[in-house]
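Chemist: What follows is a predicted protein model with its sequence.
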Amino acid sequence: MSNILLVLPDFLVGKYGHILPSLEKALVSTADLLSLEAIDVAKRAQVPAGEVRKLTDALLEDLHRDVSRSRRRYGEDATDPVEGLKQDYSPGFISTLDESLDASLSGGIAPGYLTEVVGESAVGKTQFLLTLLLSVQLPPPRGLGKPALYISTEAPLQTTRLAQILKTHPALMALPDDERPSLSRIQSTHIHDVEAQEHILRYQVPVAIKKQNVGLLVIDSIAANYRAEFDRSKARRDVESFAKRSNQLTQLGTLLRDIARTHNVAVVMANQVADRFTLIERSNQGRSTSQTTTQRSRPASPRQQQQSHNASMSQTVASSGAPQTATQLLSTDDPLAMDHQQRFFTGWGDDPQATNFKTPSLGLAWTNQLAARIALLKEPIYEDRAYQPGEDRSICGWNRKAKVVFGAWCPAGETGFEIWEGGIRGSEKDPT
């Protein structure tokens, strides 16, 4: 079968089973069916042109129906080209309870999509998620007026912190008692391993969502069980182990996307990060040592051999005391190298002045399952006083920023924020 079910998972292929094997043998994709003339596709696959035309018409019909659903979901005044029905749909977003953060997200967190909040420890991921657990209960336009479901794989739900946000945030304090969010409308559970996680998400979560009309599913964090499962084995770097994990992550993404789309639920997950090593590092004695990056896109090619030669030359320059930037240390000149591509989907690597690079856990296989990724970044603020050589600098605070790396409903951008008693709020400091 061709890639029709990857584009339209609900497409009924039974009527066209007599021509699909020929189309697959001729390497005809869904894009070919939609962009090429039916007669050309028919000649290429040796099938009747009339049958190809019927299949193309059916694909267009399902695509139009899918697009119209998306438009109506977010409040666009659209008429279904297939059913001819015109309906009014109000915008549905879950607010962060801060105007600047909502503006960067084009309204907030959208239901029907998989959204990831990624960052290092203590950057504010859990605070972000706790705020959403309360705001989803608010009536539109700030919320969906629905309860939330919280799944934890690490620490249990912080009810004390939720109560503090509820009592402190001005947007929640001003509401009458019958409209204020409640901790009783947040259902929580704790998962200890991958098998239990898969069972709960596949069988119990859809029932709970339908029974209680849940509007938000939060998983904190998505990587904990997988890292414990695969990193504890002695063969954790084995190719077979990585292939197995990639397959499980793809199945998990498919399951969560189906939950989000079928029930129009916002699925928001926290994710951890790992350090990403540069190509060349300096030791404490000032000598340069070569170290490969954590991910490579392909085996050594002539161009990469040239890069290795350039790296050796860079070591000579480094030992001579010439300054180097982070972009010189990374092999970013090869567009097929992972070092070059990670800047577009990880949230780290596009700042030429940065030296501390991170990579979201679970790799590229998991990234492909997401509709949006929000990276929470932090940089230390050092105490302003004179220091002696070799003396440690004291940290007096942190500059935090929320970075939309990519999003299906919002553009990429950065917004400063800070953590306070009421949760999170935008900061007036320049995020750059």
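Modeler: Good, I have the coordinates.

Chemist: buried residues in stretch 243-255?
Modeler: Within stretch 243-255, the residues scored as buried using 16 or more other C-beta atoms under 10 Å are 245-246, 248-249, 252-253, 255. Heads up, the C-betas are built off the backbone N, CA and C, glycines and all.

Chemist: Save those residues as CSV, and put in pLDDT too.
Modeler: Output for these, formatted as CSV (pLDDT from 0 to 100):
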residue, pLDDT
R245, 81
S246, 84
Q248, 88
L249, 90
L252, 93
G253, 93
L255, 94
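
Chemist: Start and end of stretch 19-34, how far apart?
Modeler: 16 Å (C-alpha to C-alpha, to the nearest Å).

Chemist: got it, and stretch 411-427?
Modeler: End-to-end distance for stretch 411-427: 20 Å, by C-alpha to C-alpha.

Chemist: If you count neighbours, what's buried in that stretch?
Modeler: 414-419, 422-427.

Chemist: average pLDDT across that stretch?
Modeler: Stretch 411-427 shows a mean pLDDT of 92.

Chemist: which residues are contacting that stretch?
Modeler: Outside of stretch 411-427, the residues within contact range by C-beta atoms under 8 Å, 6 or more residues apart in numbering are 96-101, 103-104, 106, 124, 127-128, 130-131, 134, 164-165, 168-170, 172, 399-406, 428-432.

Chemist: Just send the buried residues of stretch 411-427 back as CSV, with secondary structure too.
Modeler: CSV is the format used below for the buried residues of stretch 411-427 (DSSP: H, G, I helix; E, B strand; the rest coil):
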residue, secondary structure
E414, strand
T415, strand
G416, strand
F417, strand
E418, strand
I419, strand
G422, coil
G423, strand
I424, strand
R425, strand
G426, strand
S427, coil
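
Chemist: Could you list the domains of the protein?
Modeler: Domain assignment for the chain, taken from automatic domain parsing, gives 4-73, 99-272+420-426.

Chemist: Out of these, which is the most enclosed?
Modeler: Most buried of those by mean neighbour count (mean count of other C-beta atoms under 10 Å) is domain 99-272+420-426; its value is a mean of 18.

Chemist: Can you give me the end-to-end span of that domain?
Modeler: 8 Å.

Chemist: for that domain, the distance to its chain's centre please.
Modeler: 12 Å (C-alpha atoms, centre = their mean, to the nearest Å).

Chemist: and which of the buried residues of stretch 411-427 is nearest R276?
Modeler: If you rank the buried residues of stretch 411-427 by distance to R276 using C-beta to C-beta, E414 comes first, at 19.6 Å.

Chemist: who's the closest one bridged to?
Modeler: K403 (DSSP bridges).

Chemist: could you measure it against A196, distance?
Modeler: To A196, E414 is 37 Å away according to C-beta to C-beta, to the nearest Å.

Chemist: With G215 instead?
Modeler: 24 Å.

Chemist: what's the answer for S361, then?
Modeler: In this view, S361 and A196 are 19 Å apart by C-beta to C-beta.

Chemist: Could you pull out the helices in the stretch 251-400 of the chain for me?
Modeler: Assigned by DSSP state H, counting those that start in this stretch, the helices in the stretch 251-400 of the chain fall at 302-319, 326-329, 338-341, 363-367.

Chemist: Among the domains of the chain, which comes closest to L377?
Modeler: domain 99-272+420-426 (6.7 Å).

Chemist: can you count the residues close to F93?
Modeler: For F93, the neighbour count with other C-beta atoms under 10 Å is 25.

Chemist: Let me see the contact set for it.
Modeler: Shown in contact with F93 (C-beta under 8 Å, 6+ apart): 102, 105, 107-111, 141.

Chemist: Just put these in a markdown table and tack on secondary structure, distance to L63 and pLDDT.
Modeler: Formatted as a markdown table, the contacts of F93 follow (DSSP: H, G, I helix; E, B strand; the rest coil; distance: C-beta to C-beta, whole Å; pLDDT from 0 to 100):
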| residue | secondary structure | distance to L63 | pLDDT |
| --- | --- | --- | --- |
| D102 | helix | 31 | 95 |
| L105 | coil | 27 | 94 |
| G107 | coil | 25 | 92 |
| G108 | coil | 27 | 95 |
| I109 | strand | 26 | 96 |
| A110 | coil | 20 | 95 |
| P111 | coil | 21 | 95 |
| P141 | coil | 30 | 88 |
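
Chemist: Of the contacts of stretch 411-427, which belong to helices?
Modeler: The helices, defined by DSSP state H, take in 99-101, 103-104, 127-128, 130-131, 134, 164-165, 168, 170, 172 from those.
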